[in-house]
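Participant: here's a sequence, model it:
(one chain, ligands or ions: 1)
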Amino acid sequence: MTMATTAPSRRDTQTSSMKPRVLIVEDETALVELLRYNLEQAGFAVAVAYDGEEALTAVQEDTPDLILLDWMLPLMSGIEVCRQLRRQTSTANLPIIMLTARGEEGDRVRGLDAGADDYVPKPFSPTELVARIRAVLRRIRPALADEALSYADIVMDLVAHRVTRAGKPVHLGPTEFRLLRHFMEHPGRVFSREQLLDSVWGKDVYVEARTVDVHIRRLRIALNGDNEADLIRTVRAAGYALDAQG
Ligand code: CA
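Facilitator: From the prediction side, this is the model:
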């Protein structure tokens, strides 16, 4: 029994960081718990703010992928939170779904005018709400809405953090996983080494451009096995692309 005891927890962390993150902004605790339960079951990572000001702070500290924003909130209304988020460049395009007990057409228009991407009147079915969340995410960032990505014969299960090619498991290190995910989110597009560094390693990380080549090579070896076609195209002087035509 010499299995490394740190491996499972590290993988858990990576898996949860892959989940789309939803911030619930709602002051009714029973509804918060219902939403939290349903969203977690649906594969989302959930954070909660109980009033408008807390919501703004939460977004600033850790920007979610989508906000479920109740209209009637203590301290600051959902509409005002929505307006403030839209005014800041960093959150101008953050997906927002407004929840509200008000059902009047004029309210719906006001909600959308304030910059919400969708508007869901209470009471709602959690299943339908999850479908609306996925629809908004799919429109704004396609890969976030789905739990799996596929391209040619590669399938990436983003929840279980597993990759298969032609049904056979592919074992990737964390960097190769993120690289492949980035390619699978933008199939056919050519990325320069610098663009890959920014998107996959992060803008604040200093890594030499040739590090990209090292990880591309590892990714190729893992994906191609002994005799699979190479789906990663090297574009001379430009970069790399995931491309079945290459
Ligand atoms: Ca409320």
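
Participant: and this protein, what are its domain boundaries?
Facilitator: For the chain, automatic domain parsing gives the domain ranges 10-144, 148-242.

Participant: most tightly surrounded among the ones you listed?
Facilitator: Comparing these by mean neighbour count (mean count of other C-beta atoms under 10 Å), domain 10-144 comes out on top with a mean of 17. Any C-beta I mention is one placed from the backbone N, CA and C, and that applies to glycine too.

Participant: does the ion sit close to it?
Facilitator: Yes. Counting by C-beta under 5 Å from the ion, the ion has neighbours in domain 10-144: 27, 70, 72.

Participant: which residues touch the one helix or strand residue 217 maps to?
Facilitator: Residue 217 is part of helix 209-224, with elements assigned from DSSP states H and E. Applying C-beta atoms under 8 Å, 6 or more residues apart in numbering, the external contacts of helix 209-224 come out as 154, 165, 170-173, 175-176, 179-180, 193-194, 196-197, 201, 230-232, 234, 240.

Participant: from these, which ones fall inside helices?
Facilitator: With helices taken from DSSP state H, the overlap with the contacts of helix 209-224 comprises 175-176, 179-180, 193-194, 196.

Participant: wait, isn't residue 168 in contact with residue 225?
Facilitator: Yes. In terms of C-beta atoms under 8 Å, residue 168 counts as a neighbour of residue 225; the distance is 7.4 Å.

Participant: ok so, going back, model confidence over the helix holding residue 217, on average?
Facilitator: Confidence over helix 209-224, taken as the mean pLDDT, stands at 94.

Participant: do stretch 184-195 as well
Facilitator: Stretch 184-195 carries an average pLDDT of 89.

Participant: worst mean pLDDT among the domains of the chain?
Facilitator: Lowest mean pLDDT within those: domain 10-144, a mean of 85.

Participant: and the helices in this protein, which stretches?
Facilitator: So, for the chain - with DSSP H - the helices run 7-18, 29-41, 52-61, 78-87, 105-113, 126-140, 142-145, 174-185, 193-196, 209-224.

Participant: dihedrals phi and psi, the residue nearest to residue 101 when sequence neighbours are not counted?
Facilitator: Distances taken as C-beta to C-beta, 6 or more residues apart in numbering put residue 122 closest to residue 101, at 4.7 Å, once the chain neighbours are dropped. Main-chain dihedrals, residue 122, degrees, to the nearest 10: phi -80, psi 150.

Participant: touching, residue 85 and residue 60? I think so.
Facilitator: No. Checked against C-beta under 8 Å, the pair residue 85 and residue 60 is beyond contact range at 9.9 Å.

Participant: I figured residue 126 hits residue 38, correct?
Facilitator: Yes. The criterion here is C-beta under 8 Å, and residue 126 meets it with residue 38 at 3.8 Å.

Participant: which residues does residue 81 contact?
Facilitator: For residue 81, the contact set (C-beta under 8 Å, 6+ apart) comprises 25, 52, 55-56, 69, 73.
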